[in-house]
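Here you go, sequence then predicted model.
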Amino acid sequence: MAGRTRQMQLTERHVAYLQPDVISDEMPPPPQGMHSATPQDHAATLTQLLGPEPFANDEVWVFAYGSLIWKPACDFVEMRTALVHGWHRAFCLGWNTRFRGSEQNPGLMLALDRGGACNGVLYRLPPDRLAQCMTKLLEREMGWLPSAFPPRWVNARTGERTIRALTFCMDRHSGRYVTGLSPEQIAEVLAKAVGNRGSMAEYLYSTVKHLEDVGIHDPHLWQLQALVAQQIEAAYEPDR
């Protein structure tokens, strides 16, 4: 995989300005109209996705487009870069007032939205621990139900292969779907939002850095990281 050659404008120095008062991995209470997923919920989703005998699947791949690239939810035995058509990476999942945002400055998270294409990373799960790893993935991505970005199968092109992979795509009918914002408006959100799991600036920085590290250049995210760096500098380094 190609190494990173471009110099990001957004750096760890910028991220350091935006730190939560308390860092916690605990799941906060769900928003109004949602409920916390139970083990039974995850078991039902697992059966829906893999069938009644999940261990019969010797290859299960997950397509990562955001934080799963730099913080996988579970173990994996193989990694590849891949291209998915029909979906694009977008900051369209809002409004986050708990994990990486607050009531004062809510955050926007990445999800796959319809249209275009997305380069990302494929992870192949351990065939002897599919149920365990899939459950961890669902606990991470579907802690609240109904999900605003439910799992679905997509076709991912990697080398000469087309692989059926699991990923998480935005439900445009969800009340959490956000669209129509300009890059500057998105950058303003990302430059301010902080929650108990860190800042949106950290989320963007880690995503862009790890995409570049595996040879994936996302022009939209690259523009956003520069805009976010500029906004943080204007707020915290006015005389720099």
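Received, thanks. Numbering: from 1, shown residues only.

From Pro238, how far out is the closest residue to Trp222 other than its chain neighbours?
The shortest distance from Trp222 to any non-neighbouring residue, by Cβ to Cβ, 6 or more residues apart in numbering, is to Val208 (6.6 Å). Where you see a C-beta, it was placed from the backbone N, CA and C, and this is true even at glycine. Val208 sits 25 Å away from Pro238, taking Cβ to Cβ, to the nearest Å as the criterion.

can you check Val121 too?
Using Cβ to Cβ, one gets 38 Å for the distance from Val121 to Pro238.

In terms of neighbours, single out the busier of those two.
Val121 (24 against 7; other Cβ atoms under 10 Å).

name the element that one belongs to?
Using DSSP states H and E, Val121 maps to strand 107-124.

Which strands or helices does that strand pack on?
strand 61-64, helix 67-70, strand 78-96, strand 151-158, strand 161-168, helix 183-190, helix 200-213 (3 or more Cβ pairs under 8 Å, 6 or more residues apart in numbering; DSSP states H and E).

Quick one: work out the angle between the longest one and strand 107-124.
Angular relation of strand 78-96 and strand 107-124 on a 0 to 180 degree scale: 160 degrees, by axes from the mean of the first three to the mean of the last three Cα atoms, to 10 degrees.

can you give me the angle the lengthiest helix in the chain makes with strand 107-124?
Among the elements of the chain assigned as helix by DSSP state H, the one spanning the most residues is helix 219-236. With the same axes, to 10 degrees as the basis, helix 219-236 and strand 107-124 are set at 140 degrees to each other.

Give me the angle between helix 219-236 and helix 200-213.
For the pair helix 219-236 and helix 200-213, the angle between their directions (the same axes, to 10 degrees) equals 140 degrees.

what does helix 219-236 rub up against?
6, 8-11, 14, 17-18, 89-91, 183-184, 186-188, 190-191, 201, 204-205, 207-208, 211, 240 (Cβ atoms under 8 Å, 6 or more residues apart in numbering).

Could you list the buried residues of that helix?
Neighbour-count burial for helix 219-236, counted by 16 or more other Cβ atoms under 10 Å, picks out Leu221, Trp222, Leu224, Gln225, Ala226, Leu227, Val228, Ala229, Gln230, Gln231, Ile232, Glu233.

For it, what is the distance to the chain centroid?
Its chain's average C-alpha position is 19 Å from that of helix 219-236, according to Cα atoms, centre = their mean, to the nearest Å.

can you give me the angle that helix makes with helix 183-190?
Computed by the same axes, to 10 degrees, the angle between helix 219-236 and helix 183-190 is 60 degrees.

Distance from the chain centre to stretch 58-70, please.
Its chain's C-alpha centre lies 10 Å from the corresponding centre of stretch 58-70 when counted by Cα atoms, centre = their mean.
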